[in-house]
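Engineer: Please work out how this folds:
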Amino acid sequence: MKSKLSCSVEIVPSPRAAGQLVIYLHAEQTAILGAKGRIGVAGTLNGIPLKATLMPDRNGTHYLLLNKQIREKSAVKAGDKVTLVLIQQEKDDVPELPDDMQQLLEASKPAKEQFYKMPPSHQKEFVRWITDAKKPETRALRMEKTIEMLLNGK
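Structural biologist: So this is what the prediction gives:
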(Lines give C-alpha, C1' and ligand atoms only; values in the text may rest on other atoms or scores of the structure.)
Protein backbone atom coordinates (compact mmCIF):
# COMPACT_ATOMS: atom_id res chain seq x y z
CA MET A 1 0.00 0.00 0.00
CA LYS A 2 1.19 3.48 -0.81
CA SER A 3 2.04 5.75 2.09
CA LYS A 4 0.05 8.97 2.47
CA LEU A 5 1.10 12.12 4.30
CA SER A 6 -1.28 14.98 5.08
CA CYS A 7 0.08 17.94 7.01
CA SER A 8 0.28 21.69 7.46
CA VAL A 9 3.70 23.07 6.59
CA GLU A 10 5.46 26.39 6.12
CA ILE A 11 7.06 27.47 2.87
CA VAL A 12 10.56 28.89 3.29
CA PRO A 13 13.19 30.38 0.98
CA SER A 14 15.79 27.89 -0.19
CA PRO A 15 19.18 28.43 1.44
CA ARG A 16 20.81 26.82 -1.60
CA ALA A 17 19.15 28.61 -4.52
CA ALA A 18 18.18 32.28 -4.59
CA GLY A 19 14.53 32.84 -5.45
CA GLN A 20 13.54 29.22 -4.84
CA LEU A 21 11.02 28.04 -2.27
CA VAL A 22 11.08 24.78 -0.34
CA ILE A 23 9.09 22.80 2.17
CA TYR A 24 11.07 20.90 4.79
CA LEU A 25 9.46 17.82 6.26
CA HIS A 26 10.05 16.85 9.88
CA ALA A 27 11.43 13.43 10.78
CA GLU A 28 7.95 12.21 11.80
CA GLN A 29 6.54 13.26 8.41
CA THR A 30 9.37 11.59 6.52
CA ALA A 31 8.84 8.42 8.60
CA ILE A 32 5.22 8.21 7.44
CA LEU A 33 6.44 7.87 3.86
CA GLY A 34 8.80 5.14 5.05
CA ALA A 35 11.52 5.55 2.45
CA LYS A 36 15.04 6.84 2.18
CA GLY A 37 16.66 8.61 -0.74
CA ARG A 38 14.55 10.30 -3.37
CA ILE A 39 10.82 9.69 -3.04
CA GLY A 40 8.45 10.15 -5.97
CA VAL A 41 5.18 11.67 -4.78
CA ALA A 42 1.88 12.91 -6.14
CA GLY A 43 -0.64 14.96 -4.21
CA THR A 44 -1.82 18.49 -3.61
CA LEU A 45 -0.53 21.78 -2.26
CA ASN A 46 -3.53 23.79 -0.98
CA GLY A 47 -5.68 21.68 -3.29
CA ILE A 48 -3.50 22.27 -6.37
CA PRO A 49 -2.35 18.94 -7.91
CA LEU A 50 1.37 18.28 -8.03
CA LYS A 51 3.85 15.54 -8.90
CA ALA A 52 7.33 15.89 -7.54
CA THR A 53 10.31 14.21 -5.98
CA LEU A 54 11.12 14.63 -2.30
CA MET A 55 14.85 15.07 -1.90
CA PRO A 56 16.79 13.68 1.05
CA ASP A 57 18.29 16.23 3.41
CA ARG A 58 21.53 15.70 5.30
CA ASN A 59 19.72 15.24 8.61
CA GLY A 60 17.68 12.19 7.51
CA THR A 61 14.54 14.09 6.55
CA HIS A 62 13.29 15.25 3.16
CA TYR A 63 12.43 18.50 1.44
CA LEU A 64 10.25 19.49 -1.50
CA LEU A 65 11.57 22.09 -3.91
CA LEU A 66 8.67 24.10 -5.31
CA ASN A 67 9.39 24.55 -9.00
CA LYS A 68 8.19 27.56 -10.95
CA GLN A 69 5.10 25.77 -12.26
CA ILE A 70 3.96 24.77 -8.77
CA ARG A 71 4.70 28.26 -7.37
CA GLU A 72 2.70 29.94 -10.13
CA LYS A 73 -0.29 27.57 -9.91
CA SER A 74 -0.52 27.80 -6.12
CA ALA A 75 0.48 31.50 -5.78
CA VAL A 76 2.46 30.75 -2.62
CA LYS A 77 5.27 32.77 -1.10
CA ALA A 78 7.81 32.40 1.68
CA GLY A 79 6.17 32.34 5.10
CA ASP A 80 2.85 30.91 3.86
CA LYS A 81 1.37 28.00 5.80
CA VAL A 82 -0.08 25.45 3.40
CA THR A 83 -1.85 22.11 3.45
CA LEU A 84 0.28 19.43 1.82
CA VAL A 85 -1.05 16.00 0.88
CA LEU A 86 1.45 13.55 -0.57
CA ILE A 87 1.10 9.96 -1.71
CA GLN A 88 4.26 8.00 -2.27
CA GLN A 89 4.44 6.66 -5.81
CA GLU A 90 5.71 3.15 -6.32
CA LYS A 91 8.85 2.95 -8.40
CA ASP A 92 7.25 0.77 -11.03
CA ASP A 93 4.09 2.84 -11.50
CA VAL A 94 3.33 3.18 -15.19
CA PRO A 95 3.11 6.89 -15.99
CA GLU A 96 -0.13 8.56 -16.95
CA LEU A 97 0.16 9.68 -20.56
CA PRO A 98 -0.95 13.15 -21.63
CA ASP A 99 -3.82 13.00 -24.15
CA ASP A 100 -1.72 14.28 -27.05
CA MET A 101 0.99 11.70 -26.41
CA GLN A 102 -1.59 8.91 -26.14
CA GLN A 103 -3.06 9.97 -29.50
CA LEU A 104 0.39 10.02 -31.07
CA LEU A 105 1.13 6.49 -29.85
CA GLU A 106 -2.27 5.28 -31.04
CA ALA A 107 -1.41 6.58 -34.52
CA SER A 108 1.76 4.44 -34.66
CA LYS A 109 1.27 0.84 -33.59
CA PRO A 110 5.03 -0.03 -33.77
CA ALA A 111 5.94 3.01 -31.62
CA LYS A 112 3.20 2.15 -29.13
CA GLU A 113 4.41 -1.45 -28.87
CA GLN A 114 7.99 -0.31 -28.33
CA PHE A 115 6.90 2.22 -25.70
CA TYR A 116 5.05 -0.40 -23.64
CA LYS A 117 7.95 -2.87 -23.91
CA MET A 118 10.18 -0.40 -22.06
CA PRO A 119 10.48 -0.43 -18.26
CA PRO A 120 8.17 2.08 -16.52
CA SER A 121 11.20 4.17 -15.54
CA HIS A 122 12.04 4.73 -19.23
CA GLN A 123 8.41 5.45 -20.04
CA LYS A 124 8.40 8.07 -17.29
CA GLU A 125 11.51 9.71 -18.74
CA PHE A 126 9.81 10.12 -22.12
CA VAL A 127 6.65 11.52 -20.50
CA ARG A 128 8.65 13.86 -18.25
CA TRP A 129 10.78 15.06 -21.20
CA ILE A 130 7.64 15.91 -23.17
CA THR A 131 5.62 17.46 -20.34
CA ASP A 132 8.55 19.58 -19.12
CA ALA A 133 8.60 21.51 -22.42
CA LYS A 134 7.70 25.13 -21.75
CA LYS A 135 6.57 26.04 -25.28
CA PRO A 136 3.95 24.19 -27.35
CA GLU A 137 6.31 24.03 -30.33
CA THR A 138 9.03 22.46 -28.15
CA ARG A 139 6.52 19.91 -26.88
CA ALA A 140 5.47 19.06 -30.45
CA LEU A 141 9.10 18.60 -31.52
CA ARG A 142 9.79 16.38 -28.52
CA MET A 143 6.76 14.22 -29.30
CA GLU A 144 7.92 13.80 -32.91
CA LYS A 145 11.42 12.93 -31.69
CA THR A 146 9.95 10.42 -29.22
CA ILE A 147 8.12 8.56 -31.99
CA GLU A 148 11.28 8.59 -34.10
CA MET A 149 13.37 7.18 -31.22
CA LEU A 150 10.76 4.51 -30.46
CA LEU A 151 10.62 3.43 -34.11
CA ASN A 152 14.42 3.17 -34.10
CA GLY A 153 14.33 1.05 -30.94
CA LYS A 154 15.94 3.65 -28.67
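Engineer: Would you agree Glu137 falls within a helix?
Structural biologist: Yes: with DSSP: H, G, I helix; E, B strand; the rest coil as the criterion, Glu137 is part of a helix.
Engineer: Tell me where the model's unsure across this structure.
Structural biologist: 1, 90-94 (pLDDT under 70).
Engineer: how does it divide into domains?
Structural biologist: If you go by automatic domain parsing, the domain ranges for the chain are 4-88, 99-151.
Engineer: now do the same end-to-end measure for the shortest one.
Structural biologist: Here the two ends of domain 99-151 are set 20 Å apart, with distance taken as CA to CA, to the nearest Å.
Engineer: Equivalent analysis for the first one, please.
Structural biologist: Counting by CA to CA, you get 6 Å between the two ends of domain 4-88.
Engineer: now Ala42, nearest residue through space, not along the chain?
Structural biologist: Lys51 (4.8 Å; CB to CB, 6 or more residues apart in numbering). The way it works is simple: take the backbone N, C-alpha and C, and place the C-beta from them, glycine included.
Engineer: can you redo the domains of the chain as JSON lines with mean neighbour count?
Structural biologist: Putting the domains of the chain into JSON lines (neighbours: other CB atoms under 10 Å) gives the following:
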{"stretch": "domain 4-88", "mean neighbour count": "15"}
{"stretch": "domain 99-151", "mean neighbour count": "14"}
